[in-house]
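Visitor: predicted structure and sequence below. I'll ask about it afterward.
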Amino acid sequence: MLRVDERGHVDYDQLEELLQNDLGTKTLVSLMHANNEIGTVSDMERISRLCENYGALYHSDTVQTMGHFPFNVSKTKIHFLSGGGHKFHGPKGAGFIYINSEAQLKPFIDGGGQERNMRGGTENVYGIAGLAKALELACENMAEYRQQIEEVRSYFKEKLAENFEDIQFNGDYDGDYLYTVLSVSFPYSPKSELLLLHLDIAGISASGGSACSSGAEAGSHVLAALGADSKRKTIRFSFSHFNTKEEIDVVVQKMQGILPQVKSMAEA
């Protein structure tokens, strides 16, 4: 397992050391392009160069970033790249993988010629068509959607800082980050422990970790790797171009009824 720093960036020196030790064997490096909990983005170009230098195969999990960031597999050498339709408003259950022509794989399921002889079985035609159209729209409108999402995300950060005590953010939230995600750390209080439950009751979707754990209260292995204070309460908020600042105001209003707020000058 690779080490990460306090913002969730992979230790690239350790990765190179591991590749050096495995020289002569066929190694697969599989890393997320952006972490689905804290949003920290990895340096795909740097990883690609390391893998090429040491003859390793490189797979990038781009489920979080596909449709939100541009990719050029002609420029960046990558052997495998996976994506999921639901992350760019396509149908759930439909996904894809890019396979470089240099990567030779045996069929996953034998018995048919579907998926270029890689996976036998009836194809999900509706899902494939929906995924393709959703990705087309996401790529065509990427710059516009990003601007909208960045504005909502920044507005939320400002409102949190204005209204609540000791707010912190996890990951590389102001550097190389996934702009559709914001991991917020709240100071411990009996009320903060119930925040996720109250948001769920209010019809506000958030999670204690990744989107897969929406409504779950289990501790996060990602935050543990960062050395985060386990006594603090972390909630992951995610955004799309459909979200508005008015919706942010509703979320903050709901949270004001639960969490300790910043004291006014009159109270200080």
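Guide: Here it is on my side, so go on. Numbering: from 1, shown residues only.
Visitor: which residues in the stretch 101-250 of the chain form strands?
Guide: Taking DSSP state E, counting those that start in this stretch, the strands of the stretch 101-250 of the chain run over residues 168-169, 181-186, 233-238.
Visitor: next, count neighbours for residue 13.
Guide: The burial count assigned to residue 13 is 9, neighbours taken as other Cβ atoms under 10 Å. C-beta coordinates here come from the backbone N, C-alpha and C atoms, glycine included.
Visitor: nearest the middle, which residue of this structure would you pick?
Guide: In the chain, the centroid-proximal residue (Cα atoms, centre = their mean) is residue 36; its distance is 2.7 Å.
Visitor: residues near residue 88, how many?
Guide: 23.
Visitor: now render the strands of the stretch 101-250 of the chain as JSON lines, adding distance to residue 146, mean neighbour count and mean pLDDT.
Guide: Below are those laid out as JSON lines (distance: least, Cβ to Cβ, whole Å; neighbours: other Cβ atoms under 10 Å; pLDDT from 0 to 100):
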{"stretch": "strand 168-169", "distance to residue 146": "19", "mean neighbour count": "17", "mean pLDDT": "96"}
{"stretch": "strand 181-186", "distance to residue 146": "13", "mean neighbour count": "23", "mean pLDDT": "96"}
{"stretch": "strand 233-238", "distance to residue 146": "14", "mean neighbour count": "22", "mean pLDDT": "94"}
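Visitor: for residue 205, which of these is the nearest?
Guide: Residue 205 lies closest, by Cβ to Cβ, to one member of the strands of the stretch 101-250 of the chain: strand 233-238, at 8.1 Å.
Visitor: list the helices and strands that closest one packs on?
Guide: The contact analysis (3 or more Cβ pairs under 8 Å, 6 or more residues apart in numbering; DSSP states H and E) places strand 233-238 against strand 181-186, helix 195-201.
Visitor: list the contacts of residue 51.
Guide: By Cβ atoms under 8 Å, 6 or more residues apart in numbering, the contact list for residue 51 reads 19, 29, 57, 58, 77.
Visitor: quick one: which of the residues you listed is most hemmed in?
Guide: Neighbour max across the contacts of residue 51 (other Cβ under 10 Å) = residue 58, 24 neighbours.
Visitor: thought residue 97 was touching residue 81?
Guide: Yes: contact criterion Cβ atoms under 8 Å: residue 97 and residue 81 qualify, at 6.9 Å.
Visitor: tell me the confidence at the closest residue to residue 102 other than its chain neighbours?
Guide: Once flanking residues are discounted, residue 102 sits nearest to residue 79: 6.8 Å by Cβ to Cβ, 6 or more residues apart in numbering. Confidence at residue 79, expressed as pLDDT, is 96.
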